[in-house]
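K.L.:
The following block contains a protein sequence and its predicted model.
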Amino acid sequence: LKEENMEADLEASLPAGQEDSAIRCRDVCRSYGKLKVLSNLNLTVPRGQIYGLLGPSGCGKTTLLKCIVGTLKISRGHINVLGKPPAFPGHDVPGKMVGYMPQELALYNEFTISDTLTFFGRIHGLTSKETHARMDFLIDFLDLPQKHSLVRNLSGGQRRRVSLGAALLQNPELLILDEPTVGVDPVLRAKIWQHLVEIVKTGKVSVIITTHYIEEAQQANVVGLMRNGNLLAESPPEALMKMHSATTLEHAFLQLCKTSDQIDCQRESSLPVGPLENSQSFESGRDESRPILGVGPGNAGVVPKFSVGWKVRARHVLPKWRNIAAMTIKTIVRMKRLPGSLCFQFLLPVIQISLICLCIGGDPKGIQVAVVNNETSSNAYSQSLLSFLDNSSIRQVPLSHKDAFDGIYNGEYWGVIGFGNNFTSYLTKRMIQRRVSSDVVDGGSMHAFVENKLGSLSYLAALPIKFEEPVYGSLNTDFTTFVTPGAVLSITFYLAVGLTALSFVLERKEGLLDRCWVAGVSSLEMMLAHLFSQLFVISVQVILLLLFILLVFKMPNEGSLVLVIILIVLQGVTGISFGLVISAAIDDEQSANQAALGIFYPNLIISGIIWPVECIPYPLRYISLALPQTYASEALRCIMYRGWGLSRFMVWRGFAVTLGWNSFFLILATVILKLRT
Ligand SMILES: Nc1ncnc2c1ncn2[C@@H]1O[C@H](COP(=O)(O)OP(=O)(O)OP(=O)(O)O)[C@@H](O)[C@H]1O
């Protein structure tokens with residue numbers, strides 16, 4: 001009876017109506033795979049109050065906060081934040097109404113304190129005057145070092161305070177703070193709590209805060225005690241202590257845990273053993289969706305349905321330039337702070353293409369070849385023939401038959417050139433007689449080298465083919481000329497993949513993606529911002545690449561330079577978009593690197609960059625034609641070597657396929673990122 005009266009007291013002391021609650025969670029369930037973390041959880045954060053969420057490590061506090069801000073989806077139940085579900089179209093949660101400090105630091109290490117606050121200020125649409133005023137206040141209030149200090153040079157505690165500052169920046173209506181006082185000294189901890197108490201006094205700001213220091217939560221207006229994904233109690237701290245005749249909150253919590261364990265034992269002894277999730281709820285006759293010390297039946301009331309017009313929905317889906325600009329500037333500032341990495345990004349493509357032009361397609365030099373010449377006469381054809389060989393490519397080593405073959409077996413010589421002792425007479429016979437025996441043909445079969453010696457009869461030894469001046473290109477076109485356009489595209493593509501494949505992976509790991517998302521940046525805006533900032537890097541890379549291949553290595557370009565540049569930049573965009581797909585879909589650096597590396601070689605080979613597509617057997621050729629670089633390389637070759645323009649099918653097909661892949665990858669990356677945040 002005593003307990004029932006107390007419950008009534010507690011209920012009376014808490015506002016029950018929905019309009020009075022900043023956050024309302026009803027029957028919330030959330031699992032990670034088979035692990036049920038939140039089970040039928042009910043929680044109410046009254047407006048204008050501080051709610052201290054307490055519980056042992058691993059009980060699901062962070063998971064609950066992530067569900068409240070909308071970065072995690074709940075599997076069952078309802079959540080209402082400041083009047084609407086999180087991420088409801090047109091709602092400012094995520095957005096400037098909520099200030100979120102995640103458990104991870106979620107700060108850009110290359111930023112200064114000032115950069116950090118300016119970045120979040122831009123996203124929230126603060127003017128630079130407003131941002132500076134808040135920055136000065138927060139630096140003073142949080143006892144931060146001077147604003148131009150780099151985050152990476154700050155101590156752990158200082159970083160946590162910068163992170164808290166970023167959450168407080170825009171004076172949000174709702175503050176969601178996940179362990180903001182960890183690593184903070186007692187004086188500052190007291191100051192933070194004092195500040196929270198002050199800001200809620202206006203009645204407009206509400207706070208939900210998790211902490212491991214149970215006693216500091218006494219300053220909260222309401223505490224929720226969480227265990228095994230459920231709330232054991234939710235009430236003002238004094239009432240809770242009174243109810244359990246405890247002198248401290250910690251004792252009250254221990255008492256509650258004991259009671260909960262006893263109920264569990266009773267249940268287990270009266271019920272057959274069931275799955276784990278059953279063992280987490282207690283009191284079989286009780287409404288499991290309510291805490292032991294609930295806040296009244298009003299809280300479990302009907303959840304309102306929300307509808308939204310297409311105009312609001314469309315405005316919500318359309319990207320905001322403000323957010324894209326903030327995110328793009330952020331990436332460019334980070335690049336500027338890492339000049340070594342930026343130089344590497346600019347120079348790497350030039351180094352790669354230079355190596356291709358220098359090392360591929362040239363003639364071999366200084367190859368050792370054993371020469372076994374059995375002709376002894378000084379005016380023998382064999383002597384003349386040997387003198388015609390390109391002696392810069394081949395270094396002739398005269399040897400006996402045995403030494404030559406021993407040398408070959410020992411790997412000393414690349415090959416053997418041999419002449420029989422009748423080479424000159426057999427060759428002459430072969431040239432002037434109609435019919436000769438096979439011995440004579442064998443003895444004089446190197447006729448291609450002897451044109452000069454045969455004088456007016458040389459046409460007899462020539463192949464029945466005459467190479468005329470080609471329609472496109474020149475007679476001495478080499479392998480490098482074929483490879484270069486495809487190589488330029490593939491270098492641009494892969495560097496772009498490499499630059500972007502890790503972008504979201506690292507930001508997700510450090511909690512930055514979640515933080516930006518809660519600040520109101522959508523997946524599409526993140527995607528476009530990455531695209532724009534990487535486009536800047538790619539443009540510089542393309543300019544340097546073209547300067548090198550056209551001016552240094554003198555590759556011909558018969559077509560429009562503008563088309564060449566556009567096609568290469570578009571292929572860079574394909575690389576960025578593909579990198580974004582990898583980075584949106586994969587969680588850790590190692591797997592993202594493996595995915596990027598894994599496709600490099602197969603794509604290079606199958607795209608017909610090294611050897612023509614026409615040599616690829618079916619059905620592999622179908623795959624080749626579907627790849628982003630096959631038609632694009634062909635189009636680039638057509639522009640550069642044939643001087644063709646967009647009116648030619650082979651050229652516009654390269655552009656169309658590239659644009660198609662770009663759109664596909666970008667949409668895919670946005671959808672994956674959206675599904676995963
Ligand atoms: N991404 C995830 N995948 C799988 N399991 C997870 C994931 N995140 C959390 N968990 C598990 O969910 C449970 C609750 O984790 P959560 O981080 O919400 O706890 P917490 O109460 O915030 O703990 P702490 O106070 O130590 O931060 C833990 O058992 C944890 O191992």
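P.N.:
Thanks, I have it.
K.L.:
only C-alpha atoms for contact and neighbour calcs from this point on.
P.N.:
OK.
K.L.:
Which helix or which strand is home to the closest residue to the ligand within the stretch 351-500 of the chain?
P.N.:
At 22.9 Å from the ligand, Thr500 is the closest residue in the stretch 351-500 of the chain, using CA to the nearest ligand atom. For Thr500, the host element (DSSP states H and E) is helix 479-501.
K.L.:
Disregarding residues adjacent in the polypeptide, which is nearest to the residue of the stretch 351-500 of the chain closest to the ligand?
P.N.:
Gly579 (4.9 Å; CA to CA, 6 or more residues apart in numbering).
K.L.:
what about the one you found, how many neighbours?
P.N.:
A total of 30 residues lie near Gly579 under the criterion other CA atoms under 10 Å.
K.L.:
and Ile609, that's in a helix?
P.N.:
No. Going by DSSP: H, G, I helix; E, B strand; the rest coil, the assignment for Ile609 is coil, not a helix.
K.L.:
So what's the residue count around it?
P.N.:
With other CA under 10 Å as criterion, Ile609 counts 23.
K.L.:
Check the contact between the residue nearest to Thr500 and Phe493; I expect there is one.
P.N.:
No. In this structure Gly579 lies outside contact range of Phe493 using CA atoms under 8 Å: 9.4 Å.
K.L.:
one step back: ok, the next helix or strand after the helix holding Thr500 near the ligand or not?
P.N.:
Downstream of helix 479-501, the first helix or strand assigned by DSSP H and E is helix 503-509. No. Helix 503-509 is not in contact with the ligand by CA under 6 Å from any ligand atom; minimum separation 10.4 Å.
K.L.:
neighbouring contacts of helix 503-509?
P.N.:
513-514, 580, 583-584, 586-589, 592 (CA atoms under 8 Å, 6 or more residues apart in numbering).
K.L.:
buried residues in that helix?
P.N.:
503-508 (16 or more other CA atoms under 10 Å).
K.L.:
near the ligand, which residues of this structure?
P.N.:
32, 37, 57-63.
K.L.:
swap the cut-off to 5 Å and go again
P.N.:
Proximity of the chain to the ligand (CA under 5 Å from any ligand atom) is limited to residues 32, 57-63.
K.L.:
Now tabulate those residues in a markdown table and tack on neighbour count, distance to Leu177 and secondary structure.
P.N.:
Shown next, in a markdown table, are the residues of the chain next to the ligand (neighbours: other CA atoms under 10 Å; distance: CA to CA, whole Å; DSSP: H, G, I helix; E, B strand; the rest coil):
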| residue | neighbour count | distance to Leu177 | secondary structure |
| --- | --- | --- | --- |
| Tyr32 | 10 | 22 | strand |
| Ser57 | 11 | 16 | coil |
| Gly58 | 12 | 17 | coil |
| Cys59 | 18 | 17 | coil |
| Gly60 | 21 | 15 | coil |
| Lys61 | 27 | 11 | helix |
| Thr62 | 18 | 10 | helix |
| Thr63 | 20 | 13 | helix |
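K.L.:
Quick check: the farthest pair among the residues you listed?
P.N.:
Spatial extent of these (CA to CA) is set by the pair Tyr32 and Ser57 at 16.3 Å.
K.L.:
Burial check on the residue of the stretch 551-677 of the chain found nearest the ligand, number of neighbours?
P.N.:
Distance from the ligand to each residue of the stretch 551-677 of the chain (CA to the nearest ligand atom) is smallest for Asp587, at 10.2 Å. The burial count assigned to Asp587 is 16, neighbours taken as other CA under 10 Å.
K.L.:
Can you give me the pLDDT of it?
P.N.:
pLDDT for Asp587: 79.
K.L.:
Kindly report the same for Glu469.
P.N.:
62.
K.L.:
And for Gln541?
P.N.:
91.
K.L.:
Same question for Ser279.
P.N.:
Predicted confidence (pLDDT) for Ser279: 33.
K.L.:
tell me the domain boundaries of this structure?
P.N.:
Here the domain parsing of the chain from automatic domain parsing is 2-97+172-299, 335-358+478-676, 367-460.
K.L.:
which stretch in those domains is the model least sure about?
P.N.:
Per-stretch mean pLDDT for those is lowest at domain 367-460 (a mean of 74).
K.L.:
Tabulate the domains of the chain (CSV), appending distance to Ile113.
P.N.:
Below are these laid out as CSV (distance: least, CA to CA, whole Å):
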stretch, distance to Ile113
domain 2-97+172-299, 17
domain 335-358+478-676, 14
domain 367-460, 62
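K.L.:
before we move on, back to that, which two in the contacts of helix 503-509 are spaced the farthest apart?
P.N.:
Maximum distance among the contacts of helix 503-509 (CA to CA): 19.3 Å, for Asp514 and Ala592.
K.L.:
Show me where this protein has its strands.
P.N.:
Here the chain has its strands, by DSSP state E, at 21-32, 35-46, 50-54, 76-81, 98-101, 174-178, 206-210, 222-227, 230-235, 367-373, 394-398, 415-419.
K.L.:
Any idea how far apart the tips of stretch 539-552 sit?
P.N.:
Taking CA to CA, to the nearest Å, stretch 539-552 runs 19 Å from one end to the other.
K.L.:
Would you mind pulling the contact partners of that stretch?
P.N.:
With CA under 8 Å, 6+ apart, stretch 539-552 has contacts from 345-347, 349-350, 353-354, 488, 492, 555-557, 565, 568-569.
K.L.:
let's see 7 Å
P.N.:
346, 349-350, 555-556, 569 (CA atoms under 7 Å, 6 or more residues apart in numbering).
K.L.:
Inside helices: which ones of those residues?
P.N.:
Within the contacts of stretch 539-552, residues falling in helices by DSSP state H are 346, 349-350, 569.
K.L.:
Need the residues you listed in a markdown table (columns: distance to Phe419).
P.N.:
Formatted as a markdown table, these follow (distance: CA to CA, whole Å):
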| residue | distance to Phe419 |
| --- | --- |
| Phe346 | 54 |
| Pro349 | 48 |
| Val350 | 47 |
| Val569 | 56 |
